[in-house]
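Trainee: Just the structure for this:
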Amino acid sequence: MQRSIMSVPSYQQFMRPVLEATSDDKAYSMREVAEKTAAILGLNESQKAERTKTGVPLYYDRSGWARTYLRFAGTLQTLRRNEWQITELGHKLLAENREINVQTLRRFEGFVAFRKRSKKRDEAKGEDLPLDQTPEDSLEETLNENYATVKAELLEQLREIDPFRFERLCCDLLLKLGYGGSQEEFAEITKKSGDGGIDGVIRQDALGFGKIYIQAKRWQNNIQEKEVRDFLGALEAAQADNAVFITTSGFSEKARESAEKSRNHRVVLIDGDALADLMIRYRLGVQIKQTVELLKIDQDYFSDDDL
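Mentor: Coordinates of the predicted model:
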């Protein structure tokens, strides 16, 4: 679920290429600058396909932050129609043939003033954003850390709840996923005992023509081949086609092979890691504590195309 935010170069590594991309004194659109910069950096298609949490191409976002910082330093200027052009100061900076980063730009008064206005840390501590991070990078890192923490806590909760409550939870998850038309009356806990049988059933329709059978095991140790075979035997007796085996632990390799090789039944295996991911994604057992709005300039609003 998580990925590194550093597979694409940091926004500081985009700074010099952005100036190089505009060094011919022509005016370029934001997208043109981003594409030229990506070519200078030699980004491959996989890197260009990466997205921020808001869905923006990561290289486009990094290029944008580099442009913004360079503009406040006075090395780039914006023209009408949202076009960007290098300045004389930008040419001088390029001519120094040195690495361009935040430290380099701090010698320019405009950039220093900009950074003071945009600090996101407690001013009393005199802290600033890490030099290799944009505000969006910092937010994404925080969100990833929060996700990992909540996921770990969720797995602890799952391993401690009552086994029967866990069976109910597994039925609730299938309803959240849209099975049974998300109607609670279509979910049924079959029994409270925990053996190789069927723990729950989701009716896909009101008459029960289509059903999904559930085996739920709140275990610490991995599920072995025997448990999967017992479940397959119970499905055979019930003349079942579709089933889900959910556990808080994991599945041994032979257990997975046994499920994959079943010809009469389609069995989906969900281990503890996948279970926690699904619960977070579909907001089962977790809730949104705070919504953060990440703002950006609406460039279309400031465009003079309609003038």
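
Trainee: and stretch 226-233, average pLDDT?
Mentor: Averaged across stretch 226-233, the pLDDT comes to 94.

Trainee: Tell me which residues are up against it.
Mentor: By Cβ atoms under 8 Å, 6 or more residues apart in numbering, the residues outside stretch 226-233 that reach it are 195-198, 215, 217, 243, 245, 251, 255, 258-259, 262, 265, 267, 269. Backbone N, C-alpha and C define where each C-beta goes, glycine included.

Trainee: cool, and stretch 248-260?
Mentor: 155, 158-159, 166, 217-225, 227-229, 232, 245, 267, 269, 271-273, 275.

Trainee: related to what we said a few turns ago, tell me which of the contacts of stretch 226-233 fall in helices.
Mentor: Judged by DSSP state H, the subset of the contacts of stretch 226-233 located in helices is 255, 258-259.

Trainee: quick one on the thing from earlier: if you rank the contacts of stretch 226-233 by neighbours, which is first?
Mentor: Within those, most neighbours by other Cβ atoms under 10 Å means Gln215, with 28 neighbours.

Trainee: Identify the residues contacting that residue.
Mentor: Gln215 neighbours (Cβ under 8 Å, 6+ apart): 197-199, 231, 234, 243-246.

Trainee: Mind listing what's buried along the longest helix along the chain?
Mentor: Secondary structure of the chain read by DSSP H shows that its longest helix is helix 135-158. Within helix 135-158, the residues scored as buried using 16 or more other Cβ atoms under 10 Å are 136-137, 139-140, 144, 150-151, 154-155, 158.

Trainee: between the helix or strand following it and helix 135-158, what angle do the directions make?
Mentor: Next in sequence after helix 135-158, counting helices and strands by DSSP states H and E, comes helix 163-176. Going by axes from the mean of the first three to the mean of the last three Cα atoms, to 10 degrees, helix 163-176 is angled at 140 degrees with respect to helix 135-158.

Trainee: buried sites along helix 163-176?
Mentor: 164, 166-176.

Trainee: again with stretch 223-235
Mentor: 223, 225, 227-229, 231-232, 234-235.

Trainee: ok, so of these, who is nearest Gln103?
Mentor: Ile223 (53.7 Å; Cβ to Cβ).

Trainee: just checking, the closest one touches Thr247?
Mentor: Yes - here Ile223 reaches Thr247: they are 5.3 Å apart, a contact under Cβ atoms under 8 Å.
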